[in-house]
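Asker: here are the coordinates; sequence isn't available:
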C-alpha cells in the first residue's frame with residue numbers, strides 16, 4: 001500500500017467501565033455471560049456520548065495518563081527435530097490479552113475498580129477494604145474505550161471503539177499520597193474469552209466513520 005499520513009493516529013481514548021459486575025444477575029443478558037452490551041449507537045455520530053447517556057450500565061472513568069495499552073500475547077510451542085537446526089513446526093498453546101492504564105481521577109469508584117472489589121463494598125462515601133473469602137471468584141466487568149482511527153480516503157474523521165466483555169483486575173495496584181505528585185491508580189485488566197460468542201470471544205474493535 002502507498003504511504004499515507006492519514007493512517008497515523010495520535011490521541012487519548014475515553015475509557016468506560018460497566019457499572020454492573022458479575023455479582024449482579026443482569027450482567028449476564030439472556031442467561032449468557034456475554035458481558036454488558038454496548039449502547040445503541042447512531043451512525044456517523046461519536047460513540048462516547050451514548051456511553052455517557054447510558055448511566056445505568058456504563059461509567060466514564062475520567063482522565064488517564066500514559067494512554068490505554070492493549071497487550072495481545074500469544075504463546076506458541078515448538079517442535080524440534082534432529083534433521084533441522086531450527087524448529088520444524090510451531091503450534092499455539094496459550095493466549096493472554098490484557099488492558100493497562102493509569103487512572104488520574106482518584107475517586108472511590110476508581111479505587112474500587114483498581115482493587116477489583118465488588119460494587120457492594122462501596123456505600124456512599126465509605127469504601128470497605130474487603131479481603132473476600134477463600135475461593136472467591138474475581139469480579140468481572142465489561143470495558144469499552146473510544147479513540148482515534150486513521151482518516152478515510154476522503155479525509156473524513158474516524159474513531160475506533162474497543163469493547164471487551166470480560167475484564168478482571170487481578171494484578172497488584174499501588175498508589176501514593178505525595179506532596180508534589182498526583183495520586184493515580186495504575187490498573188491492569190486481564191481479559192477472559194467468552195465461549196458462547198463465536199469469533200469475537202474477547203470482544204471487538206469497530207472502526208466508525210464520523211460526520
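Answerer: Right, received. Where do you want to start? Just so it is clear, the structure is predicted and the values come from calculations on it, not from any experiment.
Asker: the most centrally placed residue in the chain and residue 157: what is the separation?
Answerer: Central residue of the chain (CA atoms, centre = their mean): residue 143, 4.1 Å from the mean position. Per CB to CB, to the nearest Å, residue 143 is found 24 Å from residue 157. No exception for glycine: its C-beta is placed from N, CA and C like everyone else's.
Asker: please enumerate the strands of the protein.
Answerer: 14-18, 58-60, 64-79, 89-103, 122-123, 126-127, 140-149, 158-169, 185-191, 203-209 (DSSP state E).
Asker: relative to strand 89-103, how tilted is the first one?
Answerer: On the basis of axes from the mean of the first three to the mean of the last three CA atoms, to 10 degrees, strand 14-18 is oriented at 100 degrees to strand 89-103.
Asker: ok, and the closest non-adjacent residue to residue 9?
Answerer: residue 148 (4.4 Å; CB to CB, 6 or more residues apart in numbering).
Asker: for this protein, which spans come out with low pLDDT?
Answerer: Across the chain, the ranges flagged by pLDDT under 70 are 1, 24-34.
Asker: need the outlier residue of this protein, farthest from its centre.
Answerer: Extreme point of the chain relative to centroid (CA atoms, centre = their mean) is residue 83; 44.9 Å.
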